[in-house]
Structure formats: structure tokens, C-alpha cells
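1. Provided below for reference: sequence and predicted model.
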Amino acid sequence: MTVEVVARYCGRELVLDDELENRIANILKKLMGRNPAIEPANFDSIRAANRKQAMIPAGSQVIDPVGTAPGLVVPGRPAVMVLPGPPRELQPIWSKAIQTAPVQDAIAGRTTYRQETIRIFGLPESSLADTLRDAEAAIPGFDLVEITTCLRRGEIEMVTRFEPNAAQVYTQLARLLRDRHGHQVYSEDGASVDELVAKLLTGRRIATAESCTAGLLAARLTDRPGSSKYVAGAVVAYSNEAKAQLLGVDPALIEAHGAVSEPVAQAMAAGALQGFGADTATAITGIAGPSGGTPEKPVGTVCFTVLLDDGRTTTRTVRLPGNRSDIRERSTTVAMHLLRRTLSGIPGSP
């Protein structure tokens, strides 16, 4: 957005700020002095070419530039800030712009909003849309809350913004989601599955065995600071030989059921649990594509096992949509939720 557009929007005339023009000229002199290729005789033409940057909406407050582009605060309702785009020029003047009187006045008069985040897994977006339509019909004042949803990593993130006087509306909405979708609503305080799994692994040691995801699950588990307290190790076993040599999977098992099968996923988890002396193990084996699928096991078929040393185990086979990257990323999300549910003692599908 140009300063001319801002001036027009604010109903102010563009005027030349002589003091600002001199500041910009001094900056240009310093820049020219560092570049011997620029002839000093060209200074006047360069200054004239940059004079436009000293044109400001009348009555604006100027924030001294770091480069040649100044910051501007135009008072009014609303107050408008015009700041340079390059981060090295923007960052030093941001706090100064925020502290100007017009911006502080605008902040003082702002409306206070609450923002709540609910995270959902295993629920189609269409089902959530149906629930929200029912909520709109059933909850008085539903129009007082602003809801946005986003599908990310196979999960739905629902962010609700509202003024304090609409808190009861949000409470009823959250209750409806819990009652209708149960354990598919896994977080009501914004906590991610990664955060929840990290808490559940406190005092435990986990090992992973991965084929199609090639270590993405281990990377996700270790992405959090302090993960060395609960991650014992990981094995990426792509080939059948690696599954046998590194995880002790019986080749006869692979021959009988195929590398992408629940028995092989269970054996991989058992091998990781024993090999690392862990008390928790997660295994993933699947077909991420684009080739390798069959009518019985199409691309997107992925088998998972979560195994605990007390004998608790969860094994699932799912068919995931998308391209190779999508399938691999969604596989790590499914594995994280299976891990969360198994450690929490929640029955049923993830």
C-alpha cells in the first residue's frame, strides 16, 4: 500500500516534509560513500529520485528511518501506521511506532476479545459443519462468536473469538461439541497432540520403528526441548532385510502377511521395545506411493502399532488420502494420536 493511497483514505493532503527529506539525503550520502561506483556528482539526481519518500500525509508523525523509507503514523479513526517492509528496517522502528500517541489512543479504546482453540481428530470437516449449523439454530446469541476452522496435519483446529459478554455462548458450544463428538475432541485449551504426548511420556522411555515415514515420527517426538528425557531411540527399517536385522522381524512373517501388515507392525514395535530397553514403542509400516500399491493394499494403506511394556497394545490399519508427502505427514499424526489414546487408556479408533 502506497503513502498516496493512505493519504487519500485518511482525507489528507500529501506534503513535502523538508526535515525528513534532509534526513533521507544524509542517509543517501552515507550509502554513496560506501559504494565507490557511484559518482558524487550524481547526488542531486539521486536525492531528487528519493524525494517521494519525504512526501507524507499532512499532520503525520514521522518515525526516523533506518534505511531510506520512514515510518509514518497518521492520526484519526482509525489511526494508520505506514512502516517499511524489509525486516531490518521495520524491526528497529516498530516499538517507536507503537508508542506514538495516536496508536496508544487506538489501543486504549480497543475491544477486548477472548480467543479459545479446540482441536479435533478423526472427525470429517463436514460433520463439524453440521454441528456448527445445529449450534447456530440451538444456542441463543450464537452470532456473537466468530469461528474459524483449519484442517492441518489431518486435524481440525477450531478457533473461536468473542467478547467477554458472549462467554456463555462459547461454553454451550464447547459442551455441544463434547457431547456430540466425544473423544474426537482431544484438546479444549489449545494444547497440541505433541504437547499432550510429551506430558504422557513423562517418566517413560519410547522407541520408534518406522518404514514409510522414514524417521518423521521420531523427528516429531524429538522436536520438543527436553525430549531426550523420554525418547530412547529410533530405527528406520525400509527394506525387509533391515526389518529382520535391526528389529528382529521374522522373514517368514513378512512372507506370509507382507511388509505392510498388522503382524509386521506388531513385530516391529516389539523389536524396538526390546532393542532399546524401552517401555513404550510405536511402529509404522505403509505404502506412501506413488507406486507400490495393490488392489488389496492401495497407496495410502498404513499399519500402526503402539506397544507398552505392561502388555497394552493398539494396532490399526488406515487408508490415508493425498500424495506421498501428505500420506507420510498424516501417518505421523495418526501415530501420535494412537500413542496419546493408548497412554491415556482411551479405547476405540484414533
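-> Nice, I can see it. Numbering: from 1, shown residues only.
2. only C-alpha atoms for contact and neighbour calcs from this point on.
-> Will do.
3. Spatially central residue for the chain, please.
-> Among the residues of the chain, the one closest to the centroid is R152, at 7.6 Å (Cα atoms, centre = their mean).
4. so it bridges to which residues?
-> The partner list for R152 in beta bridges (DSSP bridges) reads E155.
5. show me what contacts L16?
-> A54, M55, I56 (Cα atoms under 8 Å, 6 or more residues apart in numbering).
6. nope, V15 is what I was after
-> If you count contacts by Cα under 8 Å, 6+ apart, V15 has them with M55, I56, P57, A58.
7. So which residues of this structure form helices?
-> Secondary structure of the chain (DSSP state H): helices located at 3-10, 18-33, 43-49, 87-98, 101-108, 125-138, 167-181, 193-200, 216-221, 240-247, 251-257, 262-275, 324-344.
8. And the worst-scoring helix or strand of the chain on mean pLDDT, what does it pack against?
-> Least confident helix or strand of the chain, by mean pLDDT, DSSP states H and E, is helix 43-49 with a mean of 73. Helix 43-49 is packed against helix 18-33, with contacts defined by 3 or more Cα pairs under 8 Å, 6 or more residues apart in numbering; DSSP states H and E.
9. CA atoms only: put the helix it packs on into PDB for me.
-> The C-alpha trace of helix 18-33 is given here as PDB (Å, rounded to 0.1, in the frame of the first residue of the first chain):
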ATOM      1  CA  ASP A  18      11.700  19.200   4.500                       C
ATOM      2  CA  GLU A  19      13.300  17.800   7.700                       C
ATOM      3  CA  LEU A  20      12.600  14.300   6.600                       C
ATOM      4  CA  GLU A  21      14.000  15.000   3.100                       C
ATOM      5  CA  ASN A  22      17.300  16.200   4.700                       C
ATOM      6  CA  ARG A  23      17.500  13.100   6.900                       C
ATOM      7  CA  ILE A  24      17.000  10.800   3.800                       C
ATOM      8  CA  ALA A  25      19.600  12.900   1.900                       C
ATOM      9  CA  ASN A  26      22.100  12.300   4.800                       C
ATOM     10  CA  ILE A  27      21.400   8.600   4.700                       C
ATOM     11  CA  LEU A  28      21.900   8.600   0.900                       C
ATOM     12  CA  LYS A  29      25.300  10.300   1.300                       C
ATOM     13  CA  LYS A  30      26.500   7.600   3.700                       C
ATOM     14  CA  LEU A  31      25.300   4.900   1.400                       C
ATOM     15  CA  MET A  32      27.000   6.500  -1.600                       C
ATOM     16  CA  GLY A  33      30.200   6.900   0.400                       C
END
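10. For that helix, which helices and strands make contact with it?
-> helix 43-49.
11. quick one on the thing from earlier: tell me the gap between the least confident helix or strand of the chain and the middle of its chain.
-> The chain centre lies 46 Å from the centre of helix 43-49; the measure is Cα atoms, centre = their mean, to the nearest Å.
12. Which positions in that helix come out as buried?
-> Residues of helix 43-49 classed as buried: R47 (neighbour count, 16 or more other Cα atoms under 10 Å).
13. got the contacts of L16 as a markdown table, with neighbour count, pLDDT and distance to D326 columns?
-> Rendered in a markdown table, the data for the contacts of L16 read as follows (neighbours: other Cα atoms under 10 Å; pLDDT from 0 to 100; distance: Cα to Cα, whole Å):
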| residue | neighbour count | pLDDT | distance to D326 |
| --- | --- | --- | --- |
| A54 | 23 | 87 | 49 |
| M55 | 18 | 90 | 49 |
| I56 | 26 | 91 | 49 |
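14. Closest one to G322 out of the residues you listed, please.
-> I56 (50.6 Å; Cα to Cα).
15. and stretch 210-220, how far apart are its ends?
-> The stretch stretch 210-220 measures 13 Å between its terminal residues, going by Cα to Cα, to the nearest Å.
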